[in-house]
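[1] got a structure for you, letters missing:
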Ligand SMILES: [Fe+2]
Ligand SMILES: [Fe+2]
């Protein structure tokens with residue numbers, strides 16, 4: 001697990017790292033279903049989670065530490081895999097409950113590693129009290145907050161690069 005940590009070669013773009021490590025999740029029916037659900041503003045959950053994966057890779061590389069990039073990308077892609085429209089009134093506690101729901105769904109559809117589970121389960125920290133255990137999960141909580149804030153204010157990081165990743169996995 002921790003032995004999978006490495007650095008990514010300078011020649012690899014953030015975009016191709018997401019496309020490479022996230023391929024099976026991006027190609028899955030379940031992740032494609034996330035298109036149906038709006039996350040913030042005009043950004044749907046598939047676009048949001050792909051943006052978070054991209055941002056997480058970008059931040060991780062800046063720290064020059066080693067990461068399990070497969071877990072980082074897959075965990076980011078699945079962190080909001082709750083598969084319902086959270087704007088419906090009966091999902092009132094969504095902020096507190098969706099991380100557990102996302103983990104339950106992810107574990108049913110994919111083989112989830114302990115780091116990936118930590119990323120998904122703890123991404124709402126500090127709203128959900130238990131702090132992340134792995135550095136990959138800390139990076140995703142930061143990336144998620146940056147992307148979410150930008151989406152709420154109508155300036156999503158979802159752009160051509162993210163669109164290209166998703167177009168490769170239609
Ligand atoms: Fe979330
Ligand atoms: Fe999120």
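    Yep, that arrived. On a predicted model such as this, the values are computed, not experimentally measured, just so you know. Numbers count the residues shown, from 1 in each chain. Ligands and ions are numbered 1, 2, ... in the order given.
[2] now what about stretch 50-68, what contacts it?
    Residues outside stretch 50-68 that contact it (Cβ atoms under 8 Å, 6 or more residues apart in numbering) are 1-2, 4-8, 14-15, 17-18, 22, 26, 43, 69, 72-73, 76-77, 79, 113, 115, 135-136, 139-140, 142-144, 146-147, 151, 156-158, 161-162, 165-166. To be clear about C-beta, it is placed using only N, CA and C from the backbone, and glycine gets the same treatment.
[3] same deal with stretch 8-23?
    With Cβ under 8 Å, 6+ apart, stretch 8-23 has contacts from 26, 50, 53-54, 57-58, 61, 69-70, 72-74, 77, 161, 164-165, 168-169.
[4] So which of those residues sit within strands?
    Under the assignment DSSP state E, the contacts of stretch 8-23 contribute nothing to strands.
[5] Now, the contacts of stretch 50-68 that are in strands?
    residue 43.
[6] Give me the buried subset of the contacts of stretch 8-23.
    26, 50, 53-54, 57-58, 61, 69-70, 72-74, 77, 165, 169 (16 or more other Cβ atoms under 10 Å).
[7] Brilliant, that's me finished.
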